[in-house]
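**Q** take a look and give me a structure for this.
(one chain, ligands or ions: 1)
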Amino acid sequence: MHDESRYPDPYTFLPERFLDDDGSFKHNECENIVFGFGRRICVGRHFADTSIWSVIAKVLAAFTILKPLDENGAEIPVEPKFSSGPAIHPLPFRCRIVPRFERMDEKKLEELIIAGST
Ligand code: HEM
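**A** Numbers count the residues shown, from 1 in each chain. Next up is the predicted model:
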């Protein structure tokens, strides 16, 4: 993923690099390697993909994720750090997760999440 010849400026967050000019996803032969391949490919891959998409969409619909604050209320920059190895993931980092809408309470949050599931 950090191959400069395939992904220019590989350390910059540029999600649009994976889109064609018309906005559809570019085919990427590595995209589903996590689910294996051939006869033993994961049978739960569509369920897993859809569930992860749904969880991310619901979290982003309900919450804004912001930088943490110091004791004076100033934002602390987040320096992204990642694990190494075959399954790379972000290392833990501090952040603030706040409701996206004013006057959000548990009941409204539940309604929003259930509405997104139907
Ligand atoms: C992000 C989630 C998941 C990942 C990364 C994943 C990944 C994998 C991988 C790498 C394999 C082995 C493929 C091989 O041997 O070549 C596999 C097999 C399998 N997975 Fe998943 N999986 C996920 C979710 C699920 C879910 C949600 C289910 C069921 C609902 C599931 C059911 C299975 C089954 C039954 C196999 C064995 C298939 C076979 O041997 O014929 N997986 N999975």
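**Q** and the closest residue to residue 3 other than its chain neighbours, which of the three is it?
**A** Of all residues not flanking residue 3 in the chain, residue 10 sits nearest, at 7.0 Å (C-beta to C-beta, 6 or more residues apart in numbering). (C-beta placed from N, C-alpha, C; glycine too.) Secondary structure for residue 10, judged by DSSP: H, G, I helix; E, B strand; the rest coil, is coil.
**Q** isn't residue 10 up against residue 4?
**A** Yes. Using C-beta atoms under 8 Å, residue 10 is in contact with residue 4, at 5.8 Å.
**Q** tally of neighbours for the closest residue to the ligand within the chain?
**A** Residue nearest to the ligand within the chain (C-beta to the nearest ligand atom): residue 44, separated by 2.0 Å. For residue 44, the tally of surrounding residues (other C-beta atoms under 10 Å) stands at 9.
**Q** give me phi/psi at residue 94?
**A** Dihedral pair for residue 94: phi -80, psi 150, per degrees, to the nearest 10.
**Q** for it, give me its contacts.
**A** Neighbour list for residue 94: 68, 76, 78 [criterion: C-beta atoms under 8 Å, 6 or more residues apart in numbering].
**Q** cool, and residue 101?
**A** residue 108.
**Q** relative to residue 62, how far out is residue 103?
**A** Remark: distance between residue 103 and residue 62 (C-beta to C-beta, to the nearest Å) = 13 Å.
**Q** and for these two, which residues touch both?
**A** With C-beta under 8 Å, 6+ apart as the test, residue 103 and residue 62 reach no residue in common.
**Q** what sits closest to residue 113 if chain neighbours are left out?
**A** residue 58 (5.5 Å).
**Q** got the CA positions of the strand or helix carrying the one you found in PDB?
**A** If you go by DSSP states H and E, residue 58 is part of helix 45-62. Taking Å, rounded to 0.1, in the frame of the first residue of the first chain, the C-alpha atoms of helix 45-62 are listed here in PDB:
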ATOM      1  CA  ARG A  45     -17.300 -12.000   3.500                       C
ATOM      2  CA  HIS A  46     -20.400 -10.200   2.200                       C
ATOM      3  CA  PHE A  47     -22.000 -10.300   5.600                       C
ATOM      4  CA  ALA A  48     -18.700  -9.100   7.200                       C
ATOM      5  CA  ASP A  49     -18.300  -6.300   4.600                       C
ATOM      6  CA  THR A  50     -21.900  -5.100   4.900                       C
ATOM      7  CA  SER A  51     -21.900  -5.200   8.700                       C
ATOM      8  CA  ILE A  52     -18.600  -3.200   9.000                       C
ATOM      9  CA  TRP A  53     -20.000  -0.600   6.500                       C
ATOM     10  CA  SER A  54     -23.200  -0.400   8.400                       C
ATOM     11  CA  VAL A  55     -21.500   0.100  11.800                       C
ATOM     12  CA  ILE A  56     -19.100   2.800  10.400                       C
ATOM     13  CA  ALA A  57     -22.000   4.600   8.700                       C
ATOM     14  CA  LYS A  58     -24.100   4.600  11.900                       C
ATOM     15  CA  VAL A  59     -21.300   5.800  14.100                       C
ATOM     16  CA  LEU A  60     -20.500   8.700  11.600                       C
ATOM     17  CA  ALA A  61     -24.300   9.500  11.300                       C
ATOM     18  CA  ALA A  62     -24.600   9.800  15.100                       C
END
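**Q** good, wrapping up.
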